[in-house]
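Chemist: Okay, predicted coordinates and the sequence, questions at the end:
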Amino acid sequence: MIEPLSYLTAFLLGLFGSIHCMGMCGGIVGALALNTQHPRPFSLQLGYHLGRITTYGLIGLLAGFIGLWLASTHEWAGLIMRTLSGVLLVLMGLYVLGTTSALIWLEKIGAYLWKWVQPFSKHVLPTRTFGQSVTLGLIWGLLPCGLVYSTLSWALVSANPIQSSTLMMVFGLGNLPALLSLAAFTTQLNQFKRHWLVRMILAGCIIAFGLWTAIAPWFAQ
């Protein structure tokens with residue numbers, strides 16, 4: 001089960017983890033802008049992100065079905081998945097603090113899938129219509145990202161396809177402000193997110209939530 005607090009945590013993780021997203025996707029956003037042939041390029045930017053968040057929702061839905069199957073066929077699966085989810089949340093909190101790069105190995109695994117998916121983007125570049133931008137966004141959503149994969153493993157724990165899908169989309173909404181504001185407000189947004197106090201508070205909340213997620217089920221046994 002995913003508590004309401006989890007959705008807030010997912011949004012904040014997407015928001016403050018978007019420093020990483022801007023490093024990985026900033027070049028993509030710029031490239032998309034250059035490969036746009038449309039009188040209203042901002043509408044295409046919205047299309048990219050609509051597609052990206054939709055992909056997050058779809059893979060979250062799949063994770064929820066897998067979690068549901070594991071929980072219904074393996075007695076200890078729910079407990080083990082929740083413990084692993086808590087560990088990953090702690091790692092994500094440490095990542096936000098900038099004290100670990102342990103999530104990089106997840107990106108390396110996803111890179112193998114990306115090699116098969118990325119060539120399909122050539123069919124919608126340059127982007128001329130809103131539909132093409134959404135299609136490109138759907139592909140973009142599969143870009144290897146440790147934060148996305150970690151959040152996905154967290155969504156797996158819910159064993160509920162709808163909740164898992166919603167969690168992933170809320171995470172995607174969290175990093176939307178940074179990616180949309182690359183051109184206009186990047187400096188101000190980065191200054192706010194990189195402030196040591198802001199990062200300490202966010203990381204502390206994520207780590208505390210991760211520890212609770214991992215430890216609480218064992219005391220309930």
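Modeler: Good, I have the coordinates. Numbering: from 1, shown residues only.
Chemist: what's the neighbour count on Ser72?
Modeler: Per other Cβ atoms under 10 Å, the neighbour tally for Ser72 reads 11. Where you see a C-beta, it was placed from the backbone N, CA and C, and this is true even at glycine.
Chemist: Ignoring the adjacent residues along the chain, who's closest to Ser150?
Modeler: Distances taken as Cβ to Cβ, 6 or more residues apart in numbering put Leu88 closest to Ser150, at 4.7 Å, once the chain neighbours are dropped.
Chemist: quick check: longest helix of this structure.
Modeler: Scanning the chain for the longest helix, with DSSP state H as the assignment, gives helix 41-73.
Chemist: starting at the chain centroid, how far to whichever helix or strand comes after that helix?
Modeler: Next helix or strand after helix 41-73 toward the C-terminus (DSSP states H and E): helix 77-97. Taking Cα atoms, centre = their mean, to the nearest Å, one finds helix 77-97 lying 14 Å from the centre of the chain it belongs to.
Chemist: In PDB, could you pull the C-alpha coordinates for helix 77-97?
Modeler: Provided in PDB are the C-alpha atoms of helix 77-97 (Å, rounded to 0.1, in the frame of the first residue of the first chain):
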ATOM      1  CA  ALA A  77       7.500 -11.000  -1.300                       C
ATOM      2  CA  GLY A  78       5.700  -7.900   0.100                       C
ATOM      3  CA  LEU A  79       7.900  -7.700   3.100                       C
ATOM      4  CA  ILE A  80      11.100  -8.100   1.100                       C
ATOM      5  CA  MET A  81      10.000  -5.700  -1.600                       C
ATOM      6  CA  ARG A  82       9.100  -3.000   1.000                       C
ATOM      7  CA  THR A  83      12.500  -3.500   2.700                       C
ATOM      8  CA  LEU A  84      14.300  -3.100  -0.600                       C
ATOM      9  CA  SER A  85      12.200  -0.100  -1.400                       C
ATOM     10  CA  GLY A  86      13.200   1.500   1.900                       C
ATOM     11  CA  VAL A  87      16.800   0.900   1.200                       C
ATOM     12  CA  LEU A  88      16.500   2.600  -2.300                       C
ATOM     13  CA  LEU A  89      14.700   5.500  -0.700                       C
ATOM     14  CA  VAL A  90      17.600   6.000   1.700                       C
ATOM     15  CA  LEU A  91      20.000   5.800  -1.300                       C
ATOM     16  CA  MET A  92      17.900   8.400  -3.100                       C
ATOM     17  CA  GLY A  93      18.100  10.700  -0.100                       C
ATOM     18  CA  LEU A  94      21.900  10.300   0.000                       C
ATOM     19  CA  TYR A  95      21.900  11.000  -3.700                       C
ATOM     20  CA  VAL A  96      20.000  14.300  -3.200                       C
ATOM     21  CA  LEU A  97      22.700  15.200  -0.700                       C
END
